[in-house]
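A.B. asks: prediction below, plus the sequence it came from.
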Amino acid sequence: MELRDIAKRIEEKQGIPVSVRDVARVISAVLTSSDIWRIVDMAGIPVLATCEALRALEEAGWVTFQNDRVLLTANGKEAAARLGIHPVEELRCPRCHGRGLELWPFQDLAHEFHELAKDRPEASQEFDQGYVTEETTVARIALLHARGDLAGKEMLVLGDDDLVSLAAALTRLPKRVVALDVDRRIVEFLRTAAKKKNLNLEVLQHDLREPLPEELLRRFDTFVCDPTESFRGYLAFAHRGISALRGPGGAGYLGLTRLEASLHKWRRIQLALLEAGAVITDLFPNFHEYVNWPYIETMRAWPHLPVKRVPGKFEPWYRSALIRIELVEEGKVENVRYSGDIFTDEEAATT
Ligand SMILES: [Fe+2]
């Protein structure tokens, strides 16, 4: 059994580009934990690729599934040692969770945000929603502030089940905050909260497959979004954001996982961002942690999991990087309509 054969099998069966190193990542994860969600998280390759790798490793006799657990067999351990594959050492800073940010100046915001977010709408599969933890939203606000993208700035949030616009407006620091969302429930929730707290927050119902309204183009200093991760879907969000920026110096914040985007897709996305006139200034792995959504058992990856266990709501396994971009040239994007399904591709797992 060669890792190369497993990589090839994944490519053939799932249509996901996988390297030998990616297969080794899955083995490293199994060396570290027997829990399926920790393995998916630590392997850091598309969920469907991890599932296929685990099945191939089981057939090879390297891995065994017992109840809910994924275990390395004696043969598997011997193979890992022979191939020089080691357990994962995350070494995350326990104080800042690897975000490198001091959050205590935002303690009051965290408290106020927590009170308001109690009544938030639950994540909906229809719009590929899945929101980040409250701590993550507050950390995003802290980062925006640290980069000078919040205070005195005009800010647009494209798709806001994370309630970033609400947290931003609560700081009373931005000059203007506008949120767009397709989901009527989110729009109503944000409007009600804005009214209650007398916030400078405008909320519009808008489907991001449609071109951005004329009055929002080239109007903002900062945009924030957490795109769906098919390549087309990603660009739909990123390009809308870039077209909303005034020009060079404008900044955008985007999420991107390793669990629904292979490094091949990362490369295509990075190239597209560069071609649009932007540069990547910051990239924080695992900045975003997501609250588990109620549709785990109907998501695309569920039937592929070799062992099935529904994770607890606050047992984060789905994380994404935060990418900050800044325009160094005039934004080069077209404000076109995207038709059809922008959510699904081979690597999609949580749609
Ligand atoms: Fe730290």
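C.D. replies: Thanks, I have the structure now.
A.B. asks: quick check: buried residues in stretch 300-320?
C.D. replies: 300-302, 304-307, 311, 316-320 (16 or more other Cβ atoms under 10 Å). For glycine as for every other residue, the C-beta is placed from the backbone atoms N, C-alpha and C.
A.B. asks: Throw those into CSV and include distance to the ion, thanks.
C.D. replies: CSV is the format used below for those (distance: Cβ to the ion, whole Å):
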residue, distance to the ion
300, 35
301, 31
302, 35
304, 35
305, 33
306, 35
307, 34
311, 26
316, 18
317, 22
318, 22
319, 16
320, 19
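A.B. asks: nearest to residue 216 among those?
C.D. replies: Nearest to residue 216 among the buried residues of stretch 300-320, counting by Cβ to Cβ, is residue 320 at 25.1 Å.
A.B. asks: was I right about residue 210 contacting residue 335?
C.D. replies: No - in this structure, residue 210 is not within contact of residue 335 by Cβ atoms under 8 Å, at 9.6 Å.
A.B. asks: all strands for the stretch 101-250 of the chain, in order.
C.D. replies: With strands called from DSSP state E, counting those that start in this stretch, the stretch 101-250 of the chain shows them at 154-158, 176-181, 201-205, 222-225.
A.B. asks: what comes up buried for the shortest one?
C.D. replies: Of all the residues in strand 222-225, those buried under the rule 16+ other Cβ under 10 Å are 222-225.
A.B. asks: out of these, who's nearest the ion?
C.D. replies: residue 224 (22.8 Å; Cβ to the ion).
A.B. asks: any idea what the closest one is bridged to?
C.D. replies: residue 157, residue 253 (DSSP bridges).
A.B. asks: please tell me how far residue 310 sits from the ion.
C.D. replies: Distance, residue 310 to the ion, by Cβ to the ion, to the nearest Å: 32 Å.
A.B. asks: which ones are touching the closest residue to that residue other than its chain neighbours?
C.D. replies: In space, and not counting its chain neighbours, residue 310 is closest to residue 296: 5.6 Å by Cβ to Cβ, 6 or more residues apart in numbering. Going by Cβ atoms under 8 Å, 6 or more residues apart in numbering, residue 296 touches 302, 310-311.
A.B. asks: break the chain down into its structural domains.
C.D. replies: 3-83, 104-327 (automatic domain parsing).
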